[in-house]
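A.B. asks: quick one, fold the following:
(chains A and B)
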Number of protein chains: 2
Amino acid sequence: MISEKMLDLVQNSSAIRAMFEEGKKMAAIYGAENVYDFSLGNPSVEPPERVKQAIIEVLNEDTPNLVHGYMNNAGYEDVRARVAKSVNQRFHTDFDETNLVMTVGAAGGLNVILKALLNPNDEVIVFAPFFGEYENYVKNYDGTLVIISPNTETFQPNLKEFAEKISEKTKAVIVNTPNNPTGVVYSEKTIMALAEIMYKAMDQFGTSIYLISDEPYRELVYDGIKVPYLTKYYENTIVAYSYSKSLSLPGERIGYLIIPSEVDDAEDLKSAANVATRILGYVNAPSLMQRAVAKCLEETTKVEIYDQNRKLLYETLKEYGFSCIKPEGAFYLFVKSPVENEKEFVKKAKEYHLLLVPGSSFGCSGYVRLAYCVSYDMIERALPVFKELAEYYKLG
Amino acid sequence: MISEKMLDLVQNSSAIRAMFEEGKKMAAIYGAENVYDFSLGNPSVEPPERVKQAIIEVLNEDTPNLVHGYMNNAGYEDVRARVAKSVNQRFHTDFDETNLVMTVGAAGGLNVILKALLNPNDEVIVFAPFFGEYENYVKNYDGTLVIISPNTETFQPNLKEFAEKISEKTKAVIVNTPNNPTGVVYSEKTIMALAEIMYKAMDQFGTSIYLISDEPYRELVYDGIKVPYLTKYYENTIVAYSYSKSLSLPGERIGYLIIPSEVDDAEDLKSAANVATRILGYVNAPSLMQRAVAKCLEETTKVEIYDQNRKLLYETLKEYGFSCIKPEGAFYLFVKSPVENEKEFVKKAKEYHLLLVPGSSFGCSGYVRLAYCVSYDMIERALPVFKELAEYYKLG
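C.D. replies: Modelled structure (predicted):
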């Protein structure tokens, strides 16, 4: 009787979320200290202390009706201006408040821009492995997801296949770098080659193809790696940013879209994003948090804590005989399953109270994702379990 | 190039929002004190003092990763349990945390439930005058809006036409009482008659028809009027609530859905709402505000302030010769236009810096809406303008 599409979605609901719920149940049964939950990208590092101060400052400085009231659907003008200025300083861009829409996280931003862009059956290209929710977001607006198969050597996008699959139906390409689930940062060389293919396709087909850069992990990089700012490599780039990871505020649902003035149909697109924000029911990004993050633009999470986790987990798992690519950013490790069907591995790990997410949730079977945004202590406690699994599978 | 649907929507974008933006521009040009902006339902009464205390308490009492982190997509279990308990105490219902989904305002809640319910071409019935955004929400999920023409005598729903138009295609009926834009509260008699028609139709067609009660104005009632709690009159009722008006927090985007256990396909529907919250990109209602409102369940806005506005505006406008129904709730006055095409009246009023919203935005032309959630002082300053308009149109 209810929506048939939704019934299907409920059946195939996010394995990540299912695992997260499962983890909470297992913790209740076996004790939190006996469950090793690597399932969800829920930051373990506390938000910077400045965030709390900023919230209290906003409450004390501004009138309550300003702090909690309606504003332009795109967000407070002064907040957008401050965010634009900060982005400009960091990346030598030239945005102003009219290029920004404050959003209900990056997920909200992606929905807004896809709603604004897609006509039915428009194609949106993603590179496996990719955040599985993209498929749902694209389907929300009757678009078709086109998946480029993974390059499991480097986990850089498979550009050969991309050049073959980009077509007159392609409306957008989503990239996510630093990447969930691999932790790989797409190199400048990759980005330039990707842009070239896209420019060529636009030329060939006489269409506009947008590059949507989903950037919740932009600030989470290790070893001094630089993440190219994509608007500088490809003119039709839209940025979807979130403070979920950079300020450890995933529950607050606060982020932004940048729609540069040089993208095709920029004025229409900005207006459409504004209206989409409203009619999708977001109306606007949460008001208090808009004002609070505007006071925290110089802040980032303690990346060094994730880096410790990364090193411990990556090095020890390699030592035990697991194989995986070394993450350069984000807080995920994408590990090759010791058996072809990684769901069997996930199931086996669960017997040891170790919670992993199957790679097939990211369009890349044969792998599992570990979210290492957890306590160092939990990783230490989990290592013997990984060792037992390595022995069980005769690795190393 | 962008979404064609969205281009249309941008063209016909919310007259209310357009007026709100216009008002800000006019205030910048003529001075805020010389603009009489009755366009937007942005509460003028400050949030209860308790809200600020509650936010600070949450920040001080709970760990930052609890306050700002991910939780179940439906919201914190303890918050949902507290809200359920409070609703049960007030309305003698029997909900628990599993019946609630915390949402990004009522607009978010309506989108979630429509996404969960609608198959393409399902019909959703609304009673004119109605909040114009319902049309967009229904279209978001390829549903068809069916509008029941207004009963301009009482502004209670036109049940005769409802009984004629309810059909095997009807999936849901949205009611909004206290009503935006009329301020009318649907009487118990109306609700019982409406429920009877719906039960009869379900029987006749062998379908499930859901009543969606959009209740942002539930607490805003005058003269001791009681607003029936609709789940008690019709089994398939879903409640969409918002704290936007009751706690003056419209910018925070915090509300909830109640999906009672007795609705048809309750389990599927609850799961679908949970998934819809996630895949629409809301992910969850803003976390800090979830925890803060759970501490403010005994609080409501100062209705007496809106009541003063209501009395001054209603009585003076009547005295000047305008005709309108006396609002029993919400903070809107729905005034008959002195000329048939109310857009002319809106235009004329704008010449006097008086901003009104045309009734056609609510499916009821020939009327205009005034939002009196403004300062008493502004109403006093605006009265001479209304008088001039009354004289211009030779009223009274």
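A.B. asks: and the helices in the stretch 151-300 of chain A?
C.D. replies: In the stretch 151-300 of chain A, helices defined by DSSP state H, counting those that start in this stretch lie at A:159-165, A:188-205, A:266-279, A:287-293, listed in chain order.
A.B. asks: and the gap between the residue nearest to A:Glu33 when sequence neighbours are not counted and chain B?
C.D. replies: Spatially, and ignoring its direct neighbours in sequence, A:Glu33 is nearest to A:Arg381 (7.0 Å; C-beta to C-beta, 6 or more residues apart in numbering or on different chains). No exception for glycine: its C-beta is placed from N, CA and C like everyone else's. Remark: distance between A:Arg381 and chain B (C-beta to the nearest C-beta, to the nearest Å) = 19 Å.
A.B. asks: kindly report the same for A:Gly75.
C.D. replies: The value you get for A:Gly75 to chain B, if C-beta to the nearest C-beta is used, is 10 Å.
A.B. asks: correct me, but that residue touches A:Tyr282?
C.D. replies: No: with contacts counted by C-beta atoms under 8 Å, A:Gly75 stays clear of A:Tyr282, the gap being 10.7 Å.
A.B. asks: run a quick neighbour tally on A:Asn236.
C.D. replies: 23 (other C-beta atoms under 10 Å in any protein chain shown).
A.B. asks: quick check: phi and psi at it.
C.D. replies: A:Asn236 has phi and psi values of phi -90, psi 40 when expressed as degrees, to the nearest 10.
A.B. asks: OK, contacts around it?
C.D. replies: Residues in contact with A:Asn236, defined by C-beta atoms under 8 Å, 6 or more residues apart in numbering or on different chains, are A:Met198, A:Met202, A:Ser208, A:Ile209, A:Tyr210, A:Leu211, A:Val263, A:Asp264.
A.B. asks: near chain B, list only the ones from these.
C.D. replies: Counting by C-beta under 8 Å from any C-beta of the partner chain, A:Ser208, A:Asp264 from these sit close to chain B.
A.B. asks: just the buried residues out of the contacts of A:Asn236, in PyMOL syntax.
C.D. replies: Selection of buried members from the contacts of A:Asn236 for PyMOL, criterion 16 or more other C-beta atoms under 10 Å in any protein chain shown:
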select buried, chain A and resi 198+202+208+209+210+211+263
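A.B. asks: ok so, going back, of the helices of the stretch 151-300 of chain A, which approaches B:Met71 most closely?
C.D. replies: For B:Met71, the closest of the helices of the stretch 151-300 of chain A is helix A:287-293, at 15.9 Å, according to C-beta to C-beta.
A.B. asks: do that closest one and chain B come into contact?
C.D. replies: Yes: looking at helix A:287-293 against chain B by C-beta under 8 Å from any C-beta, the contacts come from A:Ser287, A:Leu288, A:Met289.
A.B. asks: which residues touch the nearest residue to the first one once chain neighbours are set aside?
C.D. replies: Computed as C-beta to C-beta, 6+ apart, the closest residue to A:Ser287 that is not its neighbour in sequence is B:Gly251, at 2.9 Å. Shown here is B:Gly251, whose contacts under the criterion C-beta under 8 Å, 6+ apart are A:Val67, A:His68, A:Gly69, A:Tyr70, A:Met71, A:Asn284, A:Pro286, A:Ser287, A:Leu288.
A.B. asks: can you give me the pLDDT of B:Gly251?
C.D. replies: Looking at B:Gly251, its pLDDT is 98.
A.B. asks: repeat that for A:Ser13.
C.D. replies: 73.
A.B. asks: residues near it, how many?
C.D. replies: 19.
A.B. asks: name all residues that make contact with it.
C.D. replies: Applying C-beta under 8 Å, 6+ apart, the residues contacting A:Ser13 are B:Ser271, B:Val275.
A.B. asks: wait, is it part of a strand?
C.D. replies: No: with DSSP: H, G, I helix; E, B strand; the rest coil as the criterion, A:Ser13 is located in coil rather than a strand.
A.B. asks: gap between it and A:Glu133?
C.D. replies: Counting by C-beta to C-beta, to the nearest Å, the gap from A:Ser13 to A:Glu133 is 11 Å.
A.B. asks: now A:Ala371
C.D. replies: Taken as C-beta to C-beta, the span from A:Ala371 to A:Glu133 is 15 Å.
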